[in-house]
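1. fold the following and give me the result.
(2 chains)
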There are 2 protein chains.
Amino acid sequence: MNAKKIVLDEKDLPKQWYNIQADLPEPLDPPYNTREGRPAQPEDLEVIFPKEIVKQEMSSERYIDIPEPVLEAYKIWRPSPLVRASNLEKFLDTPAKIYFKNEGVSPSGSHKSNSAIAQAFYNKEAGVKRIATETGAGQWGSALAMACEMFAIECVIYMVKVSYEQKPYRKSLMQVYGAQVFSSPSNQTETGRKVLTEDPDNQGSLGIAISEAIEDVLNHKNAKYSLGSVLNHVAMHQTVIGLEAKKQLEIAGDYPDIVIACLGGGSNFSGTAFPFIMDKLQGKKPNLRAIAAEPSACPKLSKGVLAYDFGDTSGFTPALKMYTLGHTFMPGGIHAGGLRYHGASPLVSALVKHNFVEPVTVKQREVFEAAITFTRTEGILPAPESAHAIRVAIKEALKAKEEGKSKTILFNLSGHGHFDLSAYDNYLSGKMVDYEYPADKVCEALTHLPKI
Amino acid sequence: MNAKKIVLDEKDLPKQWYNIQADLPEPLDPPYNTREGRPAQPEDLEVIFPKEIVKQEMSSERYIDIPEPVLEAYKIWRPSPLVRASNLEKFLDTPAKIYFKNEGVSPSGSHKSNSAIAQAFYNKEAGVKRIATETGAGQWGSALAMACEMFAIECVIYMVKVSYEQKPYRKSLMQVYGAQVFSSPSNQTETGRKVLTEDPDNQGSLGIAISEAIEDVLNHKNAKYSLGSVLNHVAMHQTVIGLEAKKQLEIAGDYPDIVIACLGGGSNFSGTAFPFIMDKLQGKKPNLRAIAAEPSACPKLSKGVLAYDFGDTSGFTPALKMYTLGHTFMPGGIHAGGLRYHGASPLVSALVKHNFVEPVTVKQREVFEAAITFTRTEGILPAPESAHAIRVAIKEALKAKEEGKSKTILFNLSGHGHFDLSAYDNYLSGKMVDYEYPADKVCEALTHLPKI
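-> Below is the predicted model of the structure:
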């Protein structure tokens, strides 16, 4: 009988993160300081991030040591299991082998803890007393709240108002972890107060929440900001996922033909796929396919442009070279809140440009159909974000069946769906709608790109 | 550095359950058929349970083989981790070693899956097409829904109306697993219709829901009933918890001085403690303490009487010899819905009678205080039920500190609290109340015990 799960021992935890900047076909374009009209310098970033994080952001060392206290904290749930989706394979009657890495076993419920803990540690080392951040759907906020509690740092979270009200359980979880959570726009910042004066019923946006978090940092002593995706150091912290998966597949005597992860800002995709894409970049696995699953409602890699753009709606952050739909673009209200970001990480963007990553779009209803198939076969309820990867994995497994080929497919189950059951209700009651690619809104948003 | 978690390989899964009936100081009193005024016969039980389950219920074989398909399904999440609560130990500054078994990693979120899968399997083998059950808080319903889906059996769940409305996510989870869920009292049964006619706003009770589920079984061909606690076979299926924990502690070179689990009907307590109590019953570990943590609002072991009583409020089931507060007793509305049952499993009751198990009561607010301490140190959000065990573990660890003794404490984290965050909100907002032992209500309820 085949193993259902491949579980590593704690001593097999990766001791280093993998930094794909060492292997890129060409160096990344640097972040750009639009206020001063020049490439951003480390000092620009050190206003809001501790030095060690900025150093990692710009490093081209291939491997960076994971500090001992971070490893210790990882051990609460890591190494995470690699599971053979044997029941799903049987259900699909496919010759393909499907494996998934289960990052939903982390206490905060998703892969986000991998970077939250690292960031909390480096802030602690730098003497930071308070970290501010924003959160939309709440996975990042939960992860950072837990990490700050572990390293005894005050944690302040600006949560987009619509999520604050629709996902009260996510908010409560952050509070149980000891974080202060504000509905954004809030009365805590100038930005928030200004928005509320103009529109007391404003539902908030990730852009406003980022601006509030950064303003909070600038207004407090020993305070820094923390971001849960997009940036290079975040992508790097997430590579523990793929590095573990590689060891686990080796135990199974396997290597993937196809690696699949969903893509919001890019941290989950990066963490899962980069350690495999390394082999492709180094010429060892030329046929590996790495697929980024995006929602049709927000297809930055498939339909966006590669250009400098801001990370937030209000243009507060340095500009980054990335595939973007425009920082003022507001996607339709899909339930996978974590995938509604307008841009993609510069690293993933560079890999798409050079054809090392294939973007694929999927629609909301087929995503939930796949999520339910998965839950009914493998037992585990996925987050709507993760279900994008499941959808693509099922498509590829069925294609393998059609072609009569045995393929090895790996996808990342980035989080569980315990806080997303109202979305499942929406699907089961037949009320869920699909969102098409809103070409006209994107065209409009692209006219607001910064001129660099 | 010490290991944080001890994780077994799938091949180390126990291959047999432990049946404590083999080691009891005296045989259990049999169930009693009150309608016919005689001890119940296997045939009485076979009306609602498949033969193999009834055989297990009455067996005194020490070990019973776990069937291969059950082991296969267990592998989705088992063996579950044994975790050293090192951060909690540090926080308490105690010389005690605290270990917990994490049953919250099961896809349904609690230990309940251990028996649900076994029961679904034996029903499938017996050709059963439909299983009906009741659920209160929803942990059992979720577990059975998942198990039935895996063995392709129709699953019908009568969910107590107040929970159906207050815990919509639990209901949705069962539906995602493919179960039909009815708010009880429902229009599906004579019992339900009668209650609704008399009182259209009736909020339901576990008693009514059990009656509805049993009526459903009697009204359908090839249908059987399934119970998630109390009975001997359920307790036995749960012993995989303690059997695994024993192997894991052996790897750590340890053996518990104290084993703690919360007690509702008794399945979680039995599963955790019986494999250790075995050593005490066999004279090998005379000093082992096994503590059952009960809520002060529903302290059947601490304050109840040992007598024959019904399993349901309406007196539909055979009577069982157990510690009970009376089958008509309605405890206060504590958030740990799984611990609001009026009676305790006959097996646990017998062990309490012979002083092999110590009952301890804890109050709701101290339970949530402990839950928050645990979440903030160990990262994992516990179910309110499980937090009763945490509370007692903390008390014992502090006692060890006071006495300057190193003790080894094991408790079971029977489930996660992702669906219980409104209860945490209630605590954090300072609105939570304690419930004292309602002596007068119990006195009244005890007058309704069947005369056997």
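
2. can you list the residues of the stretch 1-150 of chain A near chain B?
-> Contact residues, the stretch 1-150 of chain A versus chain B (C-beta under 8 Å from any C-beta of the partner chain): A:1, A:3-5, A:7, A:9-10, A:72, A:75-77, A:83, A:87, A:105, A:107-109, A:146, A:149-150. Placement of C-beta: from N, CA and C, glycine included.

3. in strands, which of those fall?
-> Mapping the residues of the stretch 1-150 of chain A next to chain B onto strands (DSSP state E) picks out A:5, A:83.

4. buried subset of the residues of the stretch 1-150 of chain A next to chain B?
-> Listed as buried from these are A:3-5, A:7, A:10, A:72, A:75-77, A:83, A:87, A:105, A:107-109, A:146, A:149-150; burial here means 16 or more other C-beta atoms under 10 Å in any protein chain shown.

5. my guess is residue A:80 contacts residue A:242, does it?
-> No - under the criterion of C-beta atoms under 8 Å, residue A:80 makes no contact with residue A:242, lying 11.5 Å away.

6. what touches both of those two?
-> Residues touching both residue A:80 and residue A:242 by C-beta atoms under 8 Å, 6 or more residues apart in numbering or on different chains: none at all.

7. still on that earlier bit, so which of the buried ones among the residues of the stretch 1-150 of chain A next to chain B sit within helices?
-> A:72, A:87, A:146, A:149-150 (DSSP state H).

8. residue A:131 falls within a helix, correct?
-> No - checked against DSSP: H, G, I helix; E, B strand; the rest coil, residue A:131 lies outside a helix; its state is strand.

9. give the contact list for the nearest residue to it once chain neighbours are set aside.
-> Closest residue to residue A:131 apart from its sequence neighbours, by C-beta to C-beta, 6 or more residues apart in numbering or on different chains: residue A:226 at 5.0 Å. By C-beta under 8 Å, 6+ apart, the residues touching residue A:226 are A:49, A:116, A:119-120, A:123, A:131-133, A:144.

10. could I get those residues in CSV, plus columns for pLDDT?
-> As requested, those are exported to CSV (pLDDT from 0 to 100):
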residue, pLDDT
A:49, 96
A:116, 98
A:119, 98
A:120, 98
A:123, 98
A:131, 98
A:132, 98
A:133, 98
A:144, 98
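
11. and these, which is closest to chain B?
-> The shortest approach to chain B among those belongs to residue A:116, at 11.1 Å (C-beta to the nearest C-beta).

12. shouldn't that closest one be in contact with residue A:147?
-> Yes - using C-beta under 8 Å, residue A:116 is in contact with residue A:147, at 3.9 Å.

13. surely residue A:445 touches residue A:327?
-> Yes - counting by C-beta under 8 Å, residue A:327 is a contact partner of residue A:445 at 7.4 Å.

14. so what sits against both of those two?
-> Listed as contacting both residue A:445 and residue A:327 by C-beta under 8 Å, 6+ apart are residue A:342.

15. neighbour count winner among the two?
-> The residue with more neighbours, out of residue A:445 and residue A:327, is residue A:327; 23 against 20, by other C-beta atoms under 10 Å in any protein chain shown.

16. name the SS class of the more buried one, please.
-> Residue A:327 - assigned by three-state DSSP - is coil.

17. apart from its neighbours in sequence, what residue is nearest it?
-> Ranked by C-beta to C-beta, 6+ apart and with sequence neighbours excluded, the top spatial neighbour of residue A:327 is residue A:310, at 4.4 Å.

18. how about residue A:445?
-> Spatial nearest neighbour of residue A:445, excluding adjacent residues (C-beta to C-beta, 6+ apart): residue A:326 at 2.7 Å.

19. which ones are touching the one you found?
-> Neighbours of residue A:326 in contact, by C-beta under 8 Å, 6+ apart: A:309, A:342, A:442, A:444-449.

20. what do you get if the cut-off is 10 Å, keeping everything else the same?
-> A:300, A:304-305, A:307, A:309-310, A:313, A:342-343, A:441-449 (C-beta atoms under 10 Å, 6 or more residues apart in numbering or on different chains).
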